[in-house]
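Q: I would like the atomic coordinates for the input below:
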Amino acid sequence: MNKNYENANVVSVAGVMAKMNKVNTFEEDYYENIPYEDREDVKQLLWKLAVWGNADAAYELYNLYINGYFGKITDEESTKYLRKAANLGHPNALFVLGMSLMSQPSTIDMFNYAAKAIEESARKGCVLAEGVMSVLVADGKTAKRWRKKAIKHGCPSEGIEIIENVLFVPLLMFGHPSSIRG
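A: Okay, here's the model as predicted:
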């Protein structure tokens, strides 16, 4: 096995920042303070980690691209890293990808694929995905269990109501996904 790949799971986004001698721990809004001339270094370090299989690095690249930290926002680049992070099992990437696909469903297969991504995200602890699961599952008892779990983990009930509104049309078009276990 490639020695670099073995280290990819140990090295973190925080390690990237520490390696640049900028900070010792990762802070969510820190990227805003990175001088423009250092952004290419950050991009290269995160890219290497993503290539080596680090889901956090792939998701960070998605966030940085989508927020324009590398200049012009390119959907193609950001989507590439979102899909990579989702394929590596990153809970937030699975949620974002699932909701993106579900908000514009084109076929029942795409809708079910999106539902599976959201379900996996919820099972990995993404609070918003737990809230979505409370809307997606057809069984009232299971939906209530997901709703309680989401609220317990910090998802406001108002957020679940917004989710219900967002998913109203896709659920009307395709019904509750049969592909999720609940």
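
Q: And the helices in this structure?
A: Assigned by DSSP state H, the chain shows helices spanning 3-8, 13-19, 39-51, 55-66, 75-87, 91-103, 108-123, 127-136, 140-152, 157-174.

Q: Out of the ones you listed, indicate the one that is most buried.
A: Sort the helices of the chain by mean neighbour count, taking mean count of other CB atoms under 10 Å, and helix 127-136 sits at the top with a mean of 25. C-beta here means a position set from N, CA and C on the backbone, and glycine is covered the same way.

Q: packing partners for that one?
A: Applying 3 or more CB pairs under 8 Å, 6 or more residues apart in numbering; DSSP states H and E, we find helix 127-136 packed against helix 91-103, helix 108-123, helix 140-152, helix 157-174.

Q: Could you dump the ones you listed into TSV with distance to residue 134 and mean pLDDT added?
A: As requested, those are exported to TSV (distance: least, CB to CB, whole Å; pLDDT from 0 to 100):
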stretch	distance to residue 134	mean pLDDT
helix 91-103	14	92
helix 108-123	9	93
helix 140-152	4	92
helix 157-174	6	84
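
Q: Mind putting the ones you listed into TSV with distance to residue 50?
A: Putting the helices and strands packed on helix 127-136 into TSV (distance: least, CB to CB, whole Å) gives the following:
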stretch	distance to residue 50
helix 91-103	11
helix 108-123	19
helix 140-152	29
helix 157-174	29
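
Q: what does the model give residue 34 for pLDDT?
A: Residue 34 is assigned a pLDDT of 64 by the prediction.

Q: hmm, back to that, can you say which of the helices and strands packed on helix 127-136 is nearest to residue 180?
A: With respect to residue 180, and counting by CB to CB, the nearest of the helices and strands packed on helix 127-136 is helix 108-123 at 4.7 Å.

Q: Tabulate the CA atom coordinates of the closest one in CSV.
A: What follows is the C-alpha trace of helix 108-123 in CSV, where atoms were taken according to Å, rounded to 0.1, in the frame of the first residue of the first chain:
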residue,chain,number,x,y,z
ILE,A,108,-37.4,8.1,-9.9
ASP,A,109,-33.9,6.5,-10.0
MET,A,110,-32.2,9.8,-9.3
PHE,A,111,-34.7,10.6,-6.5
ASN,A,112,-34.0,7.2,-4.9
TYR,A,113,-30.2,7.7,-5.3
ALA,A,114,-30.5,11.1,-3.6
ALA,A,115,-32.6,9.5,-0.8
LYS,A,116,-29.9,6.9,-0.2
ALA,A,117,-27.2,9.5,0.0
ILE,A,118,-29.2,11.4,2.6
GLU,A,119,-29.9,8.2,4.5
GLU,A,120,-26.2,7.4,4.6
SER,A,121,-25.5,10.9,5.8
ALA,A,122,-28.0,10.7,8.6
ARG,A,123,-26.6,7.3,9.7
